[in-house]
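Peer 1: Need coordinates for the following:
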Amino acid sequence: WSSDVCSSDLFKFITFLCEIFPEKVSGLQADLQQNLVSSLRLGLTSLGVDPVFSLCCDFVQVLGCYMVRNNVRDTPIFEQMRSFLKLFLDLILSHQINSDLIPNSSATLYVLICLYEDSYQELVQILVQSQEDSNKQRLLTAFTELTVNTPLTAERIHRIRFRDTFDKFIVNVRGFLFVK
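Peer 2: Below is the predicted model of the structure:
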């Protein structure tokens with residue numbers, strides 16, 4: 001067995017568990033939740049292991065949708081997963097995600113925006129302010145158009161709509177965006 005196969009099987013297993021028992025995952029002890037989030041971060045940032053990246057996206061989507069639908073906020077994993085919002089924005093906007101993985105990445109980003117709308121708005125403002133003056137308004141407009149007609153409910157139909165809007169967003173901003 002190679003380590004990639006082992007990693008892939010492990011992430012398949014934890015994603016499956018999360019699909020079946022999301023309430024158990026969100027109710028794990030804080031240290032176990034931290035270990036889980038650290039493993040997901042490793043899976044999301046390990047270059048060249050696309051199946052693991054996809055499985056990590058699936059896990060974040062499943063748990064995030066559960067947390068949005070059930071208004072789960074009073075658990076350590078809620079705060080621990082908040083960092084994934086910035087991570088996904090950074091990975092996507094800095095071209096560190098294989099283009100084949102953009103659809104899954106955008107659906108994951110949508111769920112994270114639904115969970116952490118306040119943090120998303122803060123990150124957008126920071127990103128806009130970091131740009132040259134000539135790009136600030138264009139970027140702000142692009143981010144506004146990304147979510148303007150999509151309810152932040154984490155429902156499947158809205159994830160699909162967001163993915164379509166996101167494809168246009170990527171084409172638009174990658175032409176002029178400078179990520180520091």
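
Peer 1: hmm, which helix or strand of the protein has the shakiest average pLDDT?
Peer 2: Of all the helices and strands that make up the chain, the one with the lowest confidence by mean pLDDT, DSSP states H and E is helix 3-20; it has a mean of 80.

Peer 1: Run through who's touching that helix.
Peer 2: Residues lying outside helix 3-20 but in contact with it, judged by Cβ atoms under 8 Å, 6 or more residues apart in numbering, are 24-25, 36, 39, 43, 46, 49, 51-52, 55-56, 58-59, 62-63, 66. Quick note: C-beta positions are derived from backbone N, CA and C, even for glycine.

Peer 1: ok, now stretch 109-129?
Peer 2: Contacts made with stretch 109-129 from outside it, assessed by Cβ under 8 Å, 6+ apart, are listed as 60-61, 64-65, 67-68, 78, 81-82, 84-86, 88-89, 92-93, 136, 139-140, 143, 147, 150, 152-154, 158-159, 162-163, 166, 179.

Peer 1: how about the CA coordinates for it, as CSV?
Peer 2: What follows is the C-alpha trace of stretch 109-129 in CSV, where atoms were taken according to Å, rounded to 0.1, in the frame of the first residue of the first chain:
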residue,chain,number,x,y,z
LEU,A,109,-16.2,27.8,-0.3
TYR,A,110,-19.9,28.5,-0.6
VAL,A,111,-20.7,26.4,2.4
LEU,A,112,-17.9,28.1,4.4
ILE,A,113,-19.3,31.5,3.3
CYS,A,114,-22.7,30.4,4.6
LEU,A,115,-21.2,29.4,7.9
TYR,A,116,-18.9,32.4,8.4
GLU,A,117,-20.5,35.3,6.4
ASP,A,118,-19.0,37.9,8.8
SER,A,119,-15.5,36.5,8.4
TYR,A,120,-16.0,36.3,4.6
GLN,A,121,-16.9,40.0,4.5
GLU,A,122,-13.8,40.9,6.5
LEU,A,123,-11.5,38.8,4.3
VAL,A,124,-13.0,40.4,1.2
GLN,A,125,-12.3,43.9,2.6
ILE,A,126,-8.7,42.9,3.5
LEU,A,127,-8.2,41.5,0.0
VAL,A,128,-9.7,44.5,-1.7
GLN,A,129,-7.6,46.9,0.4
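
Peer 1: Thank you kindly, that will do.
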